[in-house]
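**Student:** no sequence on hand, only this structure:
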Ligand code: ADP
């Protein structure tokens, strides 16, 4: 799947046309990736967010990117992990799918996602990775747009969990496996 990759980085530095923010229902900023995106974009982002009337969990709202390299920001609200039996997987899948649907509808060519819900919202990363990757891979299999989708993980440890999960479900054979840091250690 050449259209999808898992990378390590700071999403505020992304060169994608649109980045995804893991926001709160109020859209008024917060900690983690949300705070970093607002700091990098500047106060005009918060001003636009104030006019949007918040966002439901699993839904998405679009703004400009202001001082970011990305031209736009898709603000989505992930579920708070409460043990996994209160609809968290469906809501998390909806975040990824809603962002990709809106990006395709707007004709955005490249979209970068953070690891939604896995920080302050407490979603265990292995479970989140399974849900996120299925939502992204199902969407890409059914749509030509966006041309490029990346998951930007904030650490190598997080990226490894996403890559290992991708390898379990999506690598057609060994040659296509996403290299993990464990692979590097064996060299
Ligand atoms: P949530 O409320 O969705 O849990 P957080 O921002 O607390 O949001 O965490 C979501 C993920 O974003 C975590 O895996 C965290 O490591 C990651 N993260 C934090 N800052 C950045 C950043 N600048 N770029 C990419 N990912 C980030």
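**Tutor:** Great, that's in hand. Just so it is clear, the structure is predicted and the values come from calculations on it, not from any experiment.
**Student:** what sits against the most centrally placed residue in the chain?
**Tutor:** Central residue of the chain (C-alpha atoms, centre = their mean): residue 113, 2.4 Å from the mean position. Contact partners of residue 113, counting by C-beta atoms under 8 Å, 6 or more residues apart in numbering, are 19-20, 96, 99, 132, 136, 149-152. For glycine as for every other residue, the C-beta is placed from the backbone atoms N, C-alpha and C.
**Student:** switch the cut-off to 10 Å
**Tutor:** Going by C-beta atoms under 10 Å, 6 or more residues apart in numbering, residue 113 touches 6, 11, 14, 16, 18-22, 74, 76, 95-96, 99-100, 132, 135-136, 149-153.
**Student:** check residue 154 too.
**Tutor:** Contacts of residue 154 by C-beta under 10 Å, 6+ apart are 8-11, 32-33, 36, 114-115, 118-119.
**Student:** next: residue 100.
**Tutor:** 20, 60, 74, 108, 111, 113, 135-136, 138-140, 142-143, 145-146, 149.
**Student:** okay, and it sits in which element?
**Tutor:** Here residue 100, judged by DSSP states H and E, is contained in helix 88-106.
**Student:** same check, this time on residue 21
**Tutor:** strand 18-22.
**Student:** now do the buried residues in the helix or strand containing residue 131.
**Tutor:** Assigned by DSSP H and E, residue 131 belongs to helix 125-142. Counting neighbours by 16 or more other C-beta atoms under 10 Å, one finds that the buried residues in helix 125-142 are 125, 127-137, 139-140.
**Student:** repeat that for stretch 30-44.
**Tutor:** 30, 33-34, 36-38, 40-41.
**Student:** just to revisit the earlier point, now do the buried residues in the helix holding residue 100.
**Tutor:** 88-89, 91-100, 102-104.
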